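1. Let's see this in three dimensions:
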Amino acid sequence: MNETDLIMRQALAAHLDATPFGLHLVSRINVLTYIRFADEIKSKMSSGKILDWGCGFGQMSFLLQQRHLQVSSYDIADHAYTEPSTVFPSVSILHGTDPVALPFPDESFDAVLSCGVLEHVPQENESLKEIHRVLRPGGRFFIYNLPQQGSYKEFILEKIHVGYTHERKYTVASTTALLNQFHFRVVAARRTSMLPHNLTPIQRMRGIINRFARPVLWADQLLSAIPILNLTAEAIEILAVKDSR
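-> Here you go, the predicted structure:
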């Protein structure tokens, strides 16, 4: 069984397809995207400790473990949608109660992963200070699924009042400025997700997208690389490093 099928089967076994937060784990296109994230992180880190910040169900922690990285999985107790053992038994999630403070010593990690997390934290600035604190000098900060301001998909959803949209949205420039403010240096940035990945209200269309997930992702990457057009993409991906300042 490949990674994609394993994650989807474990999610279905935990009945996550019945929850609004779990649908992304029974979407083949989303799981393939998580695998891409994990492969990219592994390509940047042959070893070292990584914090999966706001890990949710633990899907990224699981994929990083499969790539032999040392992962600490952390989330807020209020976000414990299900018992970790019911989804990814190998992932042990530490649940905290403070929405900002991280229960780790200074300079504990070689990398921190934010996969769909930064846009949701209640105190963005304080959270970035904490990320900076727990990273070692030169440590990497991987940011994925950051909602982009100007996304045509979110614009349409807001107009027709269907599906979930983000209260906070970003641009590459605004994210770079924000990270610089807290002593992170952006070394790579790209826009992604031009095509629909989650057509939750349209079940038949969602099934078609799942069936042709790999071609859809291939086309998505091509479209996301087109300047100006990609200003309407859904998400931003950032790689930053902690400055020694």
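
2. Name the residues of stretch 169-186 that are buried.
-> With burial defined by 16 or more other C-beta atoms under 10 Å, the residues of stretch 169-186 counted as buried are 169, 170, 171, 172, 175, 176, 178, 179, 182, 183, 184, 186. From N, CA and C alone the C-beta is placed, and that goes for glycine too.

3. helix or strand right after the strand ranked longest in the chain?
-> If you go by DSSP state E, the chain has its longest strand at strand 135-147. Downstream of strand 135-147, the next assigned helix or strand under DSSP states H and E is helix 152-160.

4. I'd say residue 45 and residue 111 touch.
-> Yes. At 5.9 Å, residue 45 and residue 111 qualify as touching, with contact defined as C-beta atoms under 8 Å.

5. residues shared between the contacts of the two?
-> Common contact partners of residue 45 and residue 111 (C-beta atoms under 8 Å, 6 or more residues apart in numbering): residue 140.

6. what about the two, which has more around it?
-> residue 111 (24 against 18; other C-beta atoms under 10 Å).

7. Please, which helix or strand holds that one?
-> Taking DSSP H and E as the criterion, residue 111 maps to strand 109-115.

8. go on, residue 186?
-> strand 184-192.

9. Direction-wise, compare that strand with strand 135-147 and give the angle.
-> Between strand 184-192 and strand 135-147, the angle comes out at 30 degrees (axes from the mean of the first three to the mean of the last three C-alpha atoms, to 10 degrees).

10. Can you give the contact residues for strand 184-192?
-> Residues outside strand 184-192 that contact it (C-beta under 8 Å, 6+ apart): 128, 132, 141, 148, 172, 175-176, 179-180, 220-221, 224-225, 230-231, 233-243.

11. Give me the distance from that strand to the chain's centre.
-> Computed by C-alpha atoms, centre = their mean, to the nearest Å, the chain-centroid distance of strand 184-192 equals 14 Å.

12. i'd like the first residue to be 41 from this point on
-> Will do, 41 is the new start, and the previous item becomes strand 224-232.

13. Report the strands that pair with that strand, each with its relative direction.
-> strand 275-282 (antiparallel) (DSSP bridges).

14. Make sure residue 170 is actually in contact with residue 140.
-> Yes. Using C-beta under 8 Å, residue 170 makes contact with residue 140 at a distance of 6.1 Å.

15. show me where pLDDT drops low in this protein?
-> Residues of the chain meeting the criterion pLDDT under 70: 41, 119-126, 201-205, 238-246, 285.

16. Please repeat the previous calculation with a cut-off of 80.
-> Within the chain, the stretches with pLDDT under 80 are 41, 57-61, 63, 117-126, 197-207, 236-250, 284-285.

17. Please name the bridge partners of the residue most central in space within it.
-> Centrality entry for the chain: nearest residue to the mean C-alpha point is residue 155, 1.8 Å, by C-alpha atoms, centre = their mean. Per DSSP bridges, the residues bridged to residue 155 are residue 184.

18. re the thing from before, restricted to strands, list the buried residues of stretch 209-226.
-> Under the assignment DSSP E, these contribute 224, 226 to strands.

19. Longest helix of this protein, counting residues only.
-> Using DSSP state H, we find that the single longest helix of the chain is helix 68-84.

20. Identify the residues contacting it?
-> Helix 68-84 has contacts (C-beta under 8 Å, 6+ apart) with 43-44, 47-48, 64-65, 90, 99-100, 103-104, 106-107, 109, 151, 153, 155, 180, 182, 184, 237-238, 249-251, 253-254, 256-257, 279.

21. again, only using 6 Å
-> Applying C-beta atoms under 6 Å, 6 or more residues apart in numbering, the external contacts of helix 68-84 come out as 43-44, 47, 64, 99, 103-104, 107, 182, 184, 237, 249-250, 253, 256-257.

22. All good on my end, thank you.
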